[in-house]
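*Asks:* predicted model follows, preceded by the sequence.
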Amino acid sequence: MDWVELLREAAPVMLAGAGYTLLYAVAAMVGGLIIGFPTAVLRTVPWKLARLPAAFYVSLFRGTPLLVQLFVIYYGLPSVGIEFTPVTAGILALSLNSGAYLSESLRGAIASIARGQWSASYSLGMGYGQTLRWVILPQALRVAVPSMSNTLISLIKDTSLVSVITMAELMLATKEVIAVTFRPLPLYIAAAAIYWVLSLLFEALQRRAERHLNRAHRGS
Amino acid sequence: MRKPLLSLAATLVLAAATVSASAADLLATVKARGTLKVAMEGTYPPFNFKDQKTGQLAGYDVDVAHLVAKKLGVKAEFVATEWSAILAGLASNKYDVIVSQVTIQPKRELAFDFTIPYTYSAPMLILRQNDTAQYKSLAELKGKRVGVGQGSIFEQQAKAAGGIDVRSYPAAPENLADLAAGRIDAALNDSLIAAYLLKTTKLPIRPGAKVGQVERVAIALRKGNPEFKAALNKALAEAAADGSLSAIAVQWFGTDVSKAP
């Protein structure tokens, strides 16, 4: 069986797996942003009691492997009565993991905005929340885009780990085809190509976001 | 039948899960639900694999699971899961049984219950076609490079033999590709899968000697379900007595591997 024929036979299974990979990655990106934004803000507020839990969460999810997080959430929590479907557990773990990294990108970006901007806003009578919303975040977001995209593109590839909790994503689909065809090389290369194409999609999105956020700075 | 010690994470989870005892016997639950939830790898032909034409799970284990479910008066419902997580999944109640060539081992018997065996098979060496060496035992492989599945009982056996340069692979396809390429001297795997591999791959490999003792393969279930275990055993015993189990074995392997040699 030559490569063309092999890949044609494997295509339906692998493309279905790629579809799931994309779905899980996008869902986890949304989840990661929903978690990452407030976490970043909480870590920059002037109140210690708000900073501590956020710092704890970031440390926990950056400091442990995603694989272990998946095991704990899917296989571990049922023993204390918390039960998730594979899809929920997978997206939850990916969201919590990427949320921790995203919040750090954003925190760094917020910190990069000069203190003078805060002082200037306060002198205009704006409060903490207003300053953050109208002065700091619009500038910080622009700085944060490249490193946030990094996290989101990593997420596409990290979905390959959720095959251990029975989620039928691209990597599991590939392994299933290899198990019956015994042709690892062409199939792994095909899987790599699909991951790359998915990443290219998100790189294009990143470029658009950068252009959009840079509009105010053009020519300045 | 490769088949491992649990990963660290799985072991921790297992320890936590076995503490919480299940209330009612699983048999009542399964009958009320009308389905038997069966876990298997789905990447281990000819035992259990995704049929590329139908997209459905097929293989010897699948047929055995259907047979047992039918005898219980329920339908089999399959969950495909990777080996590294399969025992942890059983411990945390994700499915009722594992029918995926789980070898009965003393360590596993501490954590899980097993039915009566439904497969008997011994480890076998696989060699390169142009290699004229005739190894009769693992002891003769001292100083040689031997490929095994990661976390498999073959890995444990090869390491226990001493003096063998053991190389661990994710699965058989990678292992055999390296054998064909000459990067290892032999592969050690289950004799049943070896026969199947030799038939289905075009790689320049040949069968070697059977080494080691015959292993017993059974259905794994959670402890504390005596009625469920008895019902599974009765179903398997009936299937063995009426010849339907042998028929499945012969269909997949050409010989009756369901009986002790």
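*Replies:* Happy to help now that I have it.

*Asks:* just give me the neighbour total for A:P38.
*Replies:* Neighbours of A:P38 under the rule other CB atoms under 10 Å in any protein chain shown: 12. Where C-beta positions appear, they are placed from N, C-alpha and C, glycine not excepted.

*Asks:* packing partners for the stretch of helix or strand it belongs to?
*Replies:* Using DSSP states H and E, A:P38 sits in helix A:3-44. Judged by 3 or more CB pairs under 8 Å, 6 or more residues apart in numbering or on different chains; DSSP states H and E, helix A:3-44 is in contact with helix A:48-62, helix A:86-112, helix A:137-158, helix A:170-181, helix A:184-214.

*Asks:* which ones are touching residue 77?
*Replies:* With no chain named, the answer covers chain A. Counting by CB atoms under 8 Å, 6 or more residues apart in numbering or on different chains, A:L77 touches A:E83, A:F84.

*Asks:* my question was about chain B, not that one.
*Replies:* B:T35, B:L36, B:K37, B:V38.

*Asks:* now with 10 Å?
*Replies:* When contacts are counted by CB atoms under 10 Å, 6 or more residues apart in numbering or on different chains, B:E77 is found next to B:R33, B:G34, B:T35, B:L36, B:K37, B:V38, B:A65, B:A69, B:Y95, B:D96.

*Asks:* what about these, which are in helices?
*Replies:* B:R33, B:A65, B:A69 (DSSP state H).

*Asks:* residues contacting B:S258?
*Replies:* By CB under 10 Å, 6+ apart, the residues touching B:S258 are B:60, B:64, B:117-120, B:217, B:236, B:239-240, B:244-250.

*Asks:* any idea how far A:G116 is from it?
*Replies:* Per CB to CB, to the nearest Å, B:S258 is found 80 Å from A:G116.

*Asks:* cool, and B:G42?
*Replies:* Where A:G116 is concerned, B:G42 sits at a distance of 60 Å (CB to CB).

*Asks:* quick one: which of the two has more around it?
*Replies:* Neighbours around B:G42 and A:G116, counted as other CB under 10 Å, are more numerous at B:G42. The numbers are 27 against 8.

*Asks:* which stretches of chain A have low pLDDT?
*Replies:* A:1, A:219-220 (pLDDT under 70).

*Asks:* what is the burial count for A:A111?
*Replies:* Around A:A111 there are 14 residues (other CB under 10 Å).

*Asks:* for B:A28, that is, sorry about that
*Replies:* B:A28 has 12 nearby residues by other CB under 10 Å.

*Asks:* which residue is the nearest non-sequential neighbour of it?
*Replies:* By the measure of CB to CB, 6 or more residues apart in numbering or on different chains, the closest residue to B:A28 outside its immediate chain neighbours is B:E227, 7.7 Å from it.

*Asks:* same check on A:R183?
*Replies:* A:L6 is the one closest to A:R183 (CB to CB, 6+ apart), at 5.7 Å.

*Asks:* now the one you found: how far from A:P186?
*Replies:* On the measure of CB to CB, A:L6 and A:P186 end up 6 Å apart.

*Asks:* follow-up on the earlier one: which one of the contacts of B:E77 sits closest to chain A?
*Replies:* B:Y95 (9.4 Å; CB to the nearest CB).

*Asks:* quick one: what helix or strand has B:E174 in it?
*Replies:* helix B:172-181.

*Asks:* which parts of the stretch 151-261 of chain B are strands?
*Replies:* B:165-169, B:186-190, B:205-210, B:215-222 (DSSP state E, counting those that start in this stretch).

*Asks:* and chain A, is stretch B:200-209 touching that?
*Replies:* Yes: against chain A, stretch B:200-209 shows contacts by CB under 10 Å from any CB of the partner chain at B:T200, B:T201, B:K202, B:L203.

*Asks:* may I have that stretch exported as PDB, CA atoms only?
*Replies:* Only the C-alpha atoms of stretch B:200-209 are listed here, as PDB (Å, rounded to 0.1, in the frame of the first residue of the first chain):
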ATOM      1  CA  THR B 200      -0.400  -8.300   8.500                       C
ATOM      2  CA  THR B 201       2.800  -6.400   8.200                       C
ATOM      3  CA  LYS B 202       5.100  -6.400   5.200                       C
ATOM      4  CA  LEU B 203       8.100  -5.800   7.400                       C
ATOM      5  CA  PRO B 204      11.100  -8.300   7.000                       C
ATOM      6  CA  ILE B 205      10.500 -10.000  10.300                       C
ATOM      7  CA  ARG B 206      10.100 -13.700  11.400                       C
ATOM      8  CA  PRO B 207       8.800 -15.500  14.400                       C
ATOM      9  CA  GLY B 208      11.200 -16.700  17.100                       C
ATOM     10  CA  ALA B 209      10.800 -19.100  20.000                       C
END
